[in-house]
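Novice: Just need the structure, nothing else, for what follows:
(one chain, ligands or ions: 1)
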Amino acid sequence: MATQPTSHYETDRLISEYIEFHYGDDYFGVANFPKTLAQLAIETMGDKPAGKALDLGCATGRATFELARHFDQVTGIDFSARFIGVGTQLAEQGRLRYTLTEEGELVSYKECSLGALGLGDVAAKVEFFQGDACNLKPVFSGYDLILAANLIDRLYSPALFLKTVHERLNPGGLLMLTSPYTWLPEHTKREEWIGGFKKDGENFTTFDGLKAMLGEHFRLVRGPEAVPFVIRETKRKFQHTLSEVTVWERI
Ligand SMILES: C[S@@+](CC[C@H](N)C(=O)[O-])C[C@H]1O[C@@H](n2cnc3c(N)ncnc32)[C@H](O)[C@@H]1O
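Specialist: Residues are numbered from 1 along each chain as shown. All right, here's what the predicted structure looks like:
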């Protein structure tokens, strides 16, 4: 274990977990999740216009940077100012130091850099803002792609987001949703869930809810398909999850 360095390290446990998830090592052979999503999005875009993209619920921002390989300008927005601070620091300084929990109070020291990930040249195309996906300022519109990765089951009102998101997309633009649909009352009150319950005695899945909410303004163009991810909690504990990906084209 390294001795305690003196300069600044991001030590907040949740933030560090996300920095490692987005910019750190792959575990158990599972590819980097935000990078995989950005590649899927770019592949699905084909030769559609690639002006502006929005990464909603971007957390520490890896997908925001990855999308900037293809789009002219990418905005990352998250509710959490602490998460936004990570993306901003990377965009401005290109590198970041953080601690990883090993066990109990023991940590190891790591560094990540945009250059090492082949993202040094795209930083100038990226910007980060604190904001609420359910109540975005009107200035956040005119996008060719909106990515909402593992966001909808963390929103206080996913319906409010899903019913208005078309207003922010250019016609023909894509909405890419991914979620493990792990509805929890502490994030989303039971009456706000859009699926994952019985309706008229039949199973009503979140995908059923998405089709009902998006059908008026969107056409499903890809998925549902599963993309796995692994989040490291400690040296010996990991979360392994499948996120369901769907891509919707704004009619
Ligand atoms: C499960 S994380 C997913 C982060 C990232 N997209 C990824 O795939 O790794 C959900 C993120 O959504 C953010 N979030 C929750 N509610 C939000 C809201 N109303 N508006 C914007 N972001 C929100 C959280 O702060 C968190 O960063």
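
Novice: I'd like the mean pLDDT over stretch 90-101, please.
Specialist: For stretch 90-101, mean pLDDT is 97.

Novice: Kindly report the same for stretch 139-156.
Specialist: Stretch 139-156 comes out with an average pLDDT of 98.

Novice: Would you mind measuring the gap between the ends of that stretch?
Specialist: The first and last residues of stretch 139-156 sit 22 Å apart, counting by CA to CA, to the nearest Å.

Novice: Likewise for stretch 50-69?
Specialist: Per CA to CA, stretch 50-69 runs 10 Å from first to last residue.

Novice: Can you mark which positions in that stretch are buried?
Specialist: By neighbour count on 16 or more other CB atoms under 10 Å, the buried set for stretch 50-69 is 50, 52-69. Placement of C-beta: from N, CA and C, glycine included.

Novice: Which members of those additionally contact the ligand?
Specialist: Subset of the buried residues of stretch 50-69 in contact with the ligand: 57-59, counting by CB under 6 Å from any ligand atom.

Novice: Just those: which are in helices?
Specialist: Residues of these located in helices (DSSP state H): none.

Novice: Let me have these in JSON lines, adding pLDDT as columns.
Specialist: Formatted as JSON lines, those follow (pLDDT from 0 to 100):
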{"residue": "57", "pLDDT": "98"}
{"residue": "58", "pLDDT": "98"}
{"residue": "59", "pLDDT": "97"}
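
Novice: Looking at the residues you listed, which are in strands?
Specialist: Applying DSSP state E to these, no entry is found in strands.

Novice: So which of those residues is the closest to residue 103?
Specialist: Taking CB to CB as the measure, residue 59 is the one of these closest to residue 103, at 24.6 Å.

Novice: Contact partners for that closest one?
Specialist: 18, 22, 78, 80, 83 (CB atoms under 8 Å, 6 or more residues apart in numbering).

Novice: interface residues of the stretch 151-251 of the chain facing the ligand?
Specialist: Within the stretch 151-251 of the chain, the positions adjacent to the ligand are 151, 154-155 by CB under 6 Å from any ligand atom.

Novice: Residue ranges in the chain under the pLDDT threshold?
Specialist: 1-7 (pLDDT under 70).

Novice: Going along the chain, name the helices of it.
Specialist: According to DSSP H, the helices that the chain contains are 13-23, 33-45, 62-67, 81-93, 158-164, 206-214.

Novice: got a list of contacts for the last one?
Specialist: By CB under 8 Å, 6+ apart, the list of residues contacting helix 206-214 from outside reads 152-153, 159, 162-163, 175, 177, 179, 181, 183, 193-196, 220, 224, 244, 246, 248.

Novice: what do you get for the third one?
Specialist: Applying CB under 8 Å, 6+ apart, the contact partners of helix 62-67 are 22-23, 32, 34-35, 37-39, 41-42, 53, 55, 58, 74-76, 87, 90-91, 114, 117, 119, 122-123, 126, 128, 145, 147, 149.

Novice: try 6 Å this time
Specialist: 22, 34-35, 37-38, 53, 55, 58, 74, 76, 119, 122, 126, 147 (CB atoms under 6 Å, 6 or more residues apart in numbering).
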